[in-house]
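Enquirer: All I have is the shape, not the residue letters:
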């Protein structure tokens, strides 16, 4: 079975639940009192997809404004970006549109975009209708799901859909060559014994 | 009401011996000295090779850069107009609430942090907090308040800025206002203004120093260059946009300032650990180096296990405290590997370092901070961590380290001085301090802060700029305290109230001998570099 490394970054407004989505996916855990992410956090998880193993290298970025300028470091060279908004906050959906624009302009050309409307367990307080979001996602050919990290709804599905959309191995090299330095060192240097 | 205004500040005395490395010829005397520690570099806990920190010798070093003394000498005493009086009234109106204030503080701690933000700023509860801290821009825009919301305080902060401006218009600088048991301390650090309002008995100097910590905390998030740039372009910029999500760092730092003796002493405490184990941990860390790596720091909770630094690069204890605070107040580093820009303002206010922050094991207290100069170097550092962990877990040292984590402190009874309840001992040359766990009477938060308050008082008396003391003995109803400072160390002791002064003085020698015996375990005697 072949192992493919897929770099995925999470983008979106602060407090929409990017880290919670990652924790749910990687650890199957949820912490309601989680602190805001500082800088970015890196985690990996390997899942089987058809006859391949997909190792997701996940960059969970901080949504706060002061880290905004660092985002290109993370989406450059990513195979996929999950842009998260909070269905109970209209503003976070507007921020999402800005992220889509930024990815269009500066992101890798064939990046797979997934839009996740998080906190769908709080539909009483909904401000963004599912239809509007779905229409928008369709217009930019993005994956769309409403998720709940708290109740573990649609979290694995996002990553499965990303696996589906990733071009097959031969065509997949396009995104990796854009001078992206923030990546794993080539394997020959890693096999060196320490000291 | 008196307003103390200075037009010419007296610069704080700067330690002549600013560099930290102990003077060479003194090292030989180390073990021979029977009552050790009267000379810098020979005191118990002094590093053998070279020190880890810059300028860790004294309290003065911390503030020597630019801060003139805030000691109120009413040479330019001025009484301000109406606006100042209003302000003082507003803040000082309710003296009688002071009695209620202690239990109030206790309740505060039990509630989740964000609750204190929802407080009504007109309520008694809000007014009765022991210490308020406000940060505003020079345009008078609120940036941070410890309690309540910034929006609700915009007019109050406007008044604060007005006070600063009115005094500056006469080419003066406002330092503090004393009124009705309150101290209002101002710190102007362009482009920010920091104001502390305190009901504690801390001196203006101590309060100013705490405000400096808050200032540096903000700089560590943004760099001074960026701060200046923002306000040069837009004077009335709302800085809260950039600081959003980091308020809990400032909240936590303020709590540390009330409770952690390390911030008072400008020193760091270590996890007690057999020196052979510590050396092995250090050398494993030393071996896992990378080109861009400047500091490798291993923490166990709020204690230092070891610190390895690049040759010729020193970490300031204040920067280390900011790193402690960053890690200690964010659960977000618990999962995965963190990668964040951080400015270490005492190293360089202009640029960011990039810190790789991760726990060695998911449920462990051991947190590794790798500080690098290259923002693209994450995977290199991640590899350093892996190599360090691999190397460490091949040895028994890792087991001993984990064992040591189970008792991160020690009891004062080990010293064998019956009347001694607690002490703080700082080795000036290494910038490290040691202190036993708090004994029973001081375990409640309230008592802990009271004891800290007493130490703060002794500290401010010892370091009073115009009349510094060598030693001070203070008898109280609940405890007797002795503080002693030499060029080598600072010592603060807390005795039961039944003890006598002669006994306290005798205890000092016994304690110093005990610390000398235990110094291998309590201090980092051989810091390493790559």
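Expert: Structure received. Given the structure is predicted, the values throughout are model-derived calculations rather than measurements.

Enquirer: Where do the helices of chain A begin and end?
Expert: A:18-27, A:71-75, A:90-106, A:130-139, A:155-165, A:187-190 (DSSP state H).

Enquirer: Output the below-cut-off pLDDT ranges for chain A.
Expert: Low-confidence segments of chain A (pLDDT under 70): A:169-195.

Enquirer: ok, now which ones touch the residue in it that chain B sits nearest to?
Expert: Across chain A, the shortest distance to chain B (Cβ to the nearest Cβ) belongs to residue A:39, at 2.5 Å. All C-beta spots, glycine's among them, are computed from the backbone N, C-alpha and C. By Cβ atoms under 8 Å, 6 or more residues apart in numbering or on different chains, the residues touching residue A:39 are A:62, A:67, A:70, B:338-341, B:355.

Enquirer: Tell me, how many residues neighbour residue 152?
Expert: Here I'm looking at chain A. A count of neighbours around residue A:152, defined by other Cβ atoms under 10 Å in any protein chain shown, yields 15.

Enquirer: wrong one, chain B
Expert: 15.

Enquirer: Now the phi/psi pair for residue B:431, please.
Expert: Backbone torsions of residue B:431, given as degrees, to the nearest 10, read phi 70, psi 20.

Enquirer: Local confidence estimate at it?
Expert: Note for residue B:431: predicted pLDDT of 92.

Enquirer: Can you give me the distance of it to residue A:127?
Expert: Counting by Cβ to Cβ, to the nearest Å, the gap from residue B:431 to residue A:127 is 52 Å.

Enquirer: Same drill for those two, tell me which one is more crowded.
Expert: residue B:431 (29 against 13).

Enquirer: Assign residue B:184 to helix, strand or coil.
Expert: The three-state assignment at residue B:184 reads strand, by DSSP: H, G, I helix; E, B strand; the rest coil.

Enquirer: neighbours of the residue lying closest to it once chain neighbours are set aside, just the number please.
Expert: In this structure, residue B:184 finds its nearest non-sequential neighbour in residue B:177, 4.2 Å apart by Cβ to Cβ, 6 or more residues apart in numbering or on different chains. When counting by other Cβ under 10 Å, one arrives at 24 neighbours for residue B:177.

Enquirer: I figured residue B:177 hits residue B:197, correct?
Expert: No: at 9.2 Å, residue B:177 does not count as touching residue B:197 under the criterion of Cβ atoms under 8 Å.

Enquirer: Show me whatever sits in contact with both of those two.
Expert: Contacts common to residue B:177 and residue B:197, judged by Cβ under 8 Å, 6+ apart, are B:183-184.

Enquirer: residue ranges of the helices in the stretch 251-400 of chain B, please?
Expert: Using DSSP state H, counting those that start in this stretch, the helices of the stretch 251-400 of chain B run over B:261-265, B:275-287, B:317-328, B:378-393, B:397-406.

Enquirer: what's the closest of these to residue B:489?
Expert: helix B:261-265 (10.5 Å; Cβ to Cβ).

Enquirer: What mean pLDDT does the closest one get?
Expert: 94.

Enquirer: Stretch B:493-504 now?
Expert: 91.

Enquirer: hmm, who's touching it?
Expert: B:419-423, B:451, B:454, B:473, B:475-483, B:507-508, B:511.

Enquirer: can we see that at 7 Å?
Expert: B:419-423, B:451, B:473, B:476-482, B:507 (Cβ atoms under 7 Å, 6 or more residues apart in numbering or on different chains).

Enquirer: Okay, now it: how far is its last residue from its first?
Expert: One end of stretch B:493-504 to the other measures 8 Å (Cα to Cα, to the nearest Å).

Enquirer: Pretty sure residue B:200 sits against residue B:132.
Expert: No: with contact defined as Cβ atoms under 7 Å, residue B:200 does not reach residue B:132; the gap is 11.2 Å.

Enquirer: more neighbours, the two?
Expert: Neighbour tally, residue B:200 and residue B:132, criterion other Cβ under 10 Å: the higher count belongs to residue B:132, 22 against 18.

Enquirer: nearest spatial neighbour of that one, skipping sequence neighbours?
Expert: Residue B:132's closest residue in space is residue B:197 (Cβ to Cβ, 6+ apart), at 4.2 Å.

Enquirer: Likewise for residue A:121?
Expert: residue A:148 (4.3 Å).

Enquirer: contacting residues around that neighbour?
Expert: A:118-121.

Enquirer: coming back round to it: could the contacts of residue A:39 go into a markdown table alongside neighbour count?
Expert: Shown next, in a markdown table, are these (neighbours: other Cβ atoms under 10 Å in any protein chain shown):
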| residue | neighbour count |
| --- | --- |
| A:62 | 24 |
| A:67 | 21 |
| A:70 | 18 |
| B:338 | 27 |
| B:339 | 29 |
| B:340 | 23 |
| B:341 | 21 |
| B:355 | 24 |
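
Enquirer: ok, now how distant is the residue nearest to residue B:184 from chain A?
Expert: The gap separating residue B:177 from chain A is 33 Å, by Cβ to the nearest Cβ, to the nearest Å.

Enquirer: Can you pull the phi/psi pair for the nearest residue to residue B:432 once chain neighbours are set aside?
Expert: Excluding the flanking residues, the one nearest residue B:432 by Cβ to Cβ, 6+ apart is residue B:523, at 5.1 Å. Phi and psi for residue B:523, reported as degrees, to the nearest 10, are phi -130, psi 170.

Enquirer: Can you classify the closest residue to chain A within the stretch 151-300 of chain B by secondary structure?
Expert: The minimum distance from the stretch 151-300 of chain B to chain A, using Cβ to the nearest Cβ, falls at residue B:245 (3.8 Å). Following three-state DSSP, residue B:245 is assigned to coil.
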